[in-house]
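[1] Generate a structure from the sequence data that follows.
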Amino acid sequence: MAVESRKIEINSVMNNFNLKDPYGKTYSSTDLMGDKGLLVVFTCNHCPYAQAVWPRLIKLSKEITQKGINVVAINSNAPNKEYIDDSVEEMKKKITEWGIPFPYLVDEDQSVAKAYGAECTPDIYLLDKNMRLFYHGRFDDNWKNINEVKKEDLKEACYLLIEGKEPPSEQYPSMGCSIKWVY
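    The predicted model follows:
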């Protein structure tokens with residue numbers, strides 16, 4: 001079932017985090033932060049919304065990392081038999097298969113997703129260099145068909161941040177599969 005990201009006040013200070021990648025290497029948000037900011041995307045492997053955004057995210061990351069915004073993806077889904085595609089082993093496969101050029105981390109206890117208020121995959125948070133929320137919304141205006149995209153919301157927000165401008169006044173929620181919580 002598709003859900004939307006929750007509304008979070010722009011300029012909210014977001015929590016620092018330390019998470020491991022599927023190979024056991026630990027990354028901190030402090031170390032991941034770029035000169036201009038950090039794009040944090042809660043995502044997964046199995047969700048059709050996330051799958052549609054992955055190639056776009058990879059492409060955008062190659063552009064914005066050269067301009068001072070680093071990127072990190074976080075899988076917060078609880079591993080279970082129903083969503084085996086989101087397991088650590090499957091994450092390793094996707095890193096290679098999709099050529100993911102940025103850290104793809106495991107939020108094993110789901111504490112980072114909870115701290116951020118993440119609801120769906122993908123749930124997108126663009127942070128300035130002081131960990132303040134600059135943008136929280138959709139990737140673009142057509143998750144189903146890249147050829148019909150008319151507005152690249154996230155890319156536009158990234159360039160506003162890079163150029164030292166104000167956050168976008170209109171921010172539409174992201175939509176995707178719900179995060180699979182441990183209950």
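[2] what's the straight distance from one end of stretch 123-134 to the other?
    End-to-end distance for stretch 123-134, by CA to CA, to the nearest Å: 14 Å.
[3] Give the buried residues for stretch 123-140.
    Burial within stretch 123-140, assessed by neighbour count using 16 or more other CB atoms under 10 Å, is assigned to 123-128, 131, 133-140. Any C-beta I mention is one placed from the backbone N, CA and C, and that applies to glycine too.
[4] Pick out the most distant pair among the residues you listed.
    By the measure CB to CB, M131 and D140 form the most distant pair in these, at 24.7 Å.
[5] thought Y116 was touching V13?
    No. Applying CB atoms under 8 Å as the test, Y116 and V13 come out as separate, 11.4 Å apart.
[6] of those two, who's got more company?
    Here Y116 and V13 are compared on neighbour count by other CB atoms under 10 Å; more neighbours surround Y116, at 24 against 10.
[7] I'd like to know how far the more buried one sits from D123.
    8 Å (CB to CB, to the nearest Å).
[8] what's the answer for L160, then?
    Plainly put, L160 is 20 Å away from D123 if you go by CB to CB.
[9] ok, F139 - contacts?
    When contacts are counted by CB atoms under 8 Å, 6 or more residues apart in numbering, F139 touches V53, R56, L57, P122, I124, E152, D153, L154, S174.
[10] could you redo the last one with a cut-off of 6 Å?
    The contact partners of F139, taken as CB atoms under 6 Å, 6 or more residues apart in numbering, are V53, L154.
[11] repeat for the one 3 residues further on
    Contacts for N142 (CB under 6 Å, 6+ apart) come out as E148, V149.
[12] Would you agree D85 falls within a strand?
    No. Assignment of D85 by DSSP: H, G, I helix; E, B strand; the rest coil gives helix, placing it outside any strand.
[13] Tell me how many other residues crowd the closest residue to it other than its chain neighbours.
    Of all residues beyond its chain neighbours, the one nearest D85 is H46 (3.9 Å), with distances taken as CB to CB, 6 or more residues apart in numbering. Close neighbours of H46, defined as other CB under 10 Å, add up to 17.
[14] Done for today, thanks.
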